[in-house]
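# mind folding the following:
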Amino acid sequence: MARSYDQSCPAARALDVVGGRWSILIVRELLLGPRRYTDLVAGLPGIGPNVLAERLRALREAGVVSQAKLPPPAASAIYELTELGAAMRPVVDELTRWGMRLPTSTRPGDTFRISWALGCLRASFRPEQASGVRETYEIRVDGDTFHLRVDDGVLDIRHGSAMAPACAITTDLGTFLALGARLVDIQDAVARGLAQLEGELPAAERAIAILGAHPEATGGRHGIIGAVGATFRPDRALGLRETYEFMIGDLIFHARVDDGTVETDIGPAADAAVTLVTDLGTLLQMGAGYLPLEDALSAQVVAVDGDLEAAIRMADAFGVVRAGRGMGGEGRDEGKG
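I've put the predicted structure just below:
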């Protein structure tokens, strides 16, 4: 039997329904559209099948989730939000906005799904920026596909491909975050080979202007920390305890690695083992695995101030390929197809 706060209070009653572990994250997943049971398992790493089944049962009984069946040939069961469940969208968006203000760190065992970043997109959406715009944009990030439909100031984000999108952008996670933070423009990303664009460039520029982080929310620049943090690989940093400093133009930030965890922050580091000096485009190319550290040094598009061996350890911890190791080997991207 589900536990209750036993309080005659709307907030307590709401927490009786969605306050248990995993419940609100199930709602988060279903806000992106109907999902099969296996899709929910994949989108909620760490949840046990029995726990998921129990949470879905409780949410159905509360009228938050409903179950339907796809027509043949699929004929599989799907879960979707009811009208009551969909009304939680502003609650989840506000929780996401609040969470974006908390300090971030990555720990061994932490997972990431591009769908989780979509909540940040939705939470930072500005309806006034999309007044009169009626377009659909398709985004493909590291093999995951989703689409965003803007209809006169209303945003809908869904898993999967779109019918006749105004544009389609294909890129890696770091570049996606940098584009969203307006740290690099789409034309430059395409020219550097960091992104591929199908469709009209003005449509892609509108998509980023409408959906990207606004300067007053990020200082116009601090999203680069997220782009760097997205490439961190805890398994490569076990036993490593060093601080690395990055100088990207006149922006300085640092990453402190401690036995498979990382904490990033704005500003210089007093104890940096090495400082990497470069421009944003080169940093993104390295993080995406397109540019080995040695090649960047040889081309003099990167400078290293400090211990070169520490720079190599940093490159390994943040997923930068090493010359001669390639995209499919130990350097990076073992799991990509």
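# by residue count, which helix of this protein is the longest?
Scanning the chain for the helix with the most residues, using DSSP state H, yields helix 49-61.
# low pLDDT regions in this structure?
Applying pLDDT under 70 to the chain flags residues 1-2, 74-75, 100-114, 212-224, 226-227, 230, 321-337.
# tell me the centre residue of it?
A117 (3.4 Å; Cα atoms, centre = their mean).
# in contact with that one, which residues?
By Cβ atoms under 8 Å, 6 or more residues apart in numbering, A117 lies in contact with L173, F176, L177. Just so you know, the C-beta spots here come from the backbone N, C-alpha and C atoms, and that holds for glycine as well.
# which strand residues bridge E245?
In this entry, E245 is beta-bridged to H254, T275, by DSSP bridges.
# tally of neighbours for it?
Each residue near E245 was counted by other Cβ atoms under 10 Å, and the total is 22.
# ok, now which ones touch it?
Per Cβ under 8 Å, 6+ apart, neighbours of E245: I252, F253, H254, P268, A269, A272, V274, T275, L276.
# quick one: the second one from R57, how far?
Spatial separation of F253 from R57 under the definition Cβ to Cβ, to the nearest Å is 46 Å.
# and the two? Which one has more around it.
Using other Cβ under 10 Å as the criterion, F253 and R57 rank with F253 on top: 20 against 13.
# you'd agree that one is up against G267?
Yes: taking contacts as Cβ atoms under 8 Å, F253 lies within contact range of G267: 6.7 Å.
# returning to that earlier point: next secondary structure after the longest helix of the chain?
strand 65-69 (DSSP states H and E).
# show me what that following strand is packed against.
Identification of packing neighbours for strand 65-69 by 3 or more Cβ pairs under 8 Å, 6 or more residues apart in numbering; DSSP states H and E yields helix 49-61, strand 77-81.
# specify the stretch among those that is closest to R89.
Each of the helices and strands packed on strand 65-69 has some distance to R89 by Cβ to Cβ; the shortest is strand 77-81, at 8.7 Å.
# the closest one to strand 65-69, inter-axis angle?
150 degrees (axes from the mean of the first three to the mean of the last three Cα atoms, to 10 degrees).
# okay, strand 77-81 in PDB with CA atoms only?
Only the C-alpha atoms of strand 77-81 are listed here, as PDB (Å, rounded to 0.1, in the frame of the first residue of the first chain):
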ATOM      1  CA  ALA A  77       1.300  -1.500 -25.100                       C
ATOM      2  CA  ILE A  78       2.200   2.200 -24.700                       C
ATOM      3  CA  TYR A  79       1.900   4.500 -21.700                       C
ATOM      4  CA  GLU A  80       0.900   8.200 -22.100                       C
ATOM      5  CA  LEU A  81      -0.100  11.100 -19.900                       C
END
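# helices and strands around it, which ones?
Strand 77-81 sits against helix 23-30, strand 35-36, helix 37-43, strand 65-69, with contacts defined as 3+ Cβ pairs under 8 Å, 6+ apart.
# report the buried residues of that strand.
I78, Y79, L81 (16 or more other Cβ atoms under 10 Å).
# where do the strands sit along the protein?
Along the chain, the stretches classed as strands by DSSP state E are 35-36, 65-69, 77-81, 105-106, 134-141, 144-151, 154-159, 167-171, 195-199, 241-248, 251-258, 261-266, 274-278, 303-306.
# give me phi/psi at the residue lying closest to D16 once chain neighbours are set aside?
Among residues not flanking D16 along the chain, S4 sits closest, at 4.9 Å (Cβ to Cβ, 6 or more residues apart in numbering). Main-chain dihedrals, S4, degrees, to the nearest 10: phi -130, psi 150.
# S4: neighbour count?
Count around S4 with other Cβ under 10 Å applied: 12.
# kindly report the same for L84.
L84: 13 neighbours (other Cβ under 10 Å).
# could you do the one 10 residues further on as well?
Applying other Cβ under 10 Å, we find 11 other residues in the vicinity of E94.
# not counting sequence-adjacent ones, nearest residue to it?
Leaving aside its sequence neighbours, E94 sits nearest to A123 (Cβ to Cβ, 6+ apart; 7.5 Å).
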